[in-house]
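Novice: need a 3D model of the sequence below.
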Amino acid sequence: MTTKRFFAAFLLVSLVLAGIVSYYASGSPDGLEKVAEEEGISAEEKDHALGDSPLGDYGVEGVGNEWVSVGLSGVIGVGSVLLVGGGLFWAVRRREPAGEPREKAPAGTSGQG
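Specialist: Numbers count the residues shown, from 1 in each chain. The predicted structure follows:
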């Protein structure tokens, strides 16, 4: 499998999981949240400062359909992570000095001496 095919398949699976499957995730509290509720710790919790943001509470503000709102939020999240991660990898990539073309290693070798 080529690298481009791998990344295309990875992107497709990520978008399907974020856009469709995420709607079916459990709304039940996780273990830590459940213990906090049972012990009364959650009585002191406050709303998150970004809870009213356009992507707050795992949905897109202003979208009436909950299924579409959650799916769109997931797709936006996947896209954001890929853009930031891709940008960081692009920024720190190894670069060849200007004017010096990179030599190709002969077929069947690793290019290391």
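Novice: can you give me the helices for this protein?
Specialist: Secondary structure of the chain by DSSP state H: the helices cover 3-19, 31-38, 66-92.
Novice: quick check: mean pLDDT across the longest one?
Specialist: When you say that, I think you mean helix 66-92. If you average the pLDDT over helix 66-92, you get 91.
Novice: rewinding a little: and of the helices of the chain, who's closest to Tyr58?
Specialist: When the helices of the chain are compared by Cβ to Cβ, helix 66-92 sits nearest Tyr58, at 5.8 Å. Just so you know, the C-beta spots here come from the backbone N, C-alpha and C atoms, and that holds for glycine as well.
Novice: so how far is the closest one from its chain's centroid?
Specialist: Distance of helix 66-92 from its chain centroid, counting by Cα atoms, centre = their mean, to the nearest Å, is 5 Å.
Novice: quick one: buried residues of it?
Specialist: Neighbour counts over helix 66-92 (16 or more other Cβ atoms under 10 Å) mark 69-75, 77-78 as buried.
Novice: who's in contact with the residue positioned nearest the centre of the chain?
Specialist: Nearest to the geometric centre of the chain sits Val78, at 3.7 Å (Cα atoms, centre = their mean). For Val78, the contacting residues are 14-15, 18, by Cβ atoms under 8 Å, 6 or more residues apart in numbering.
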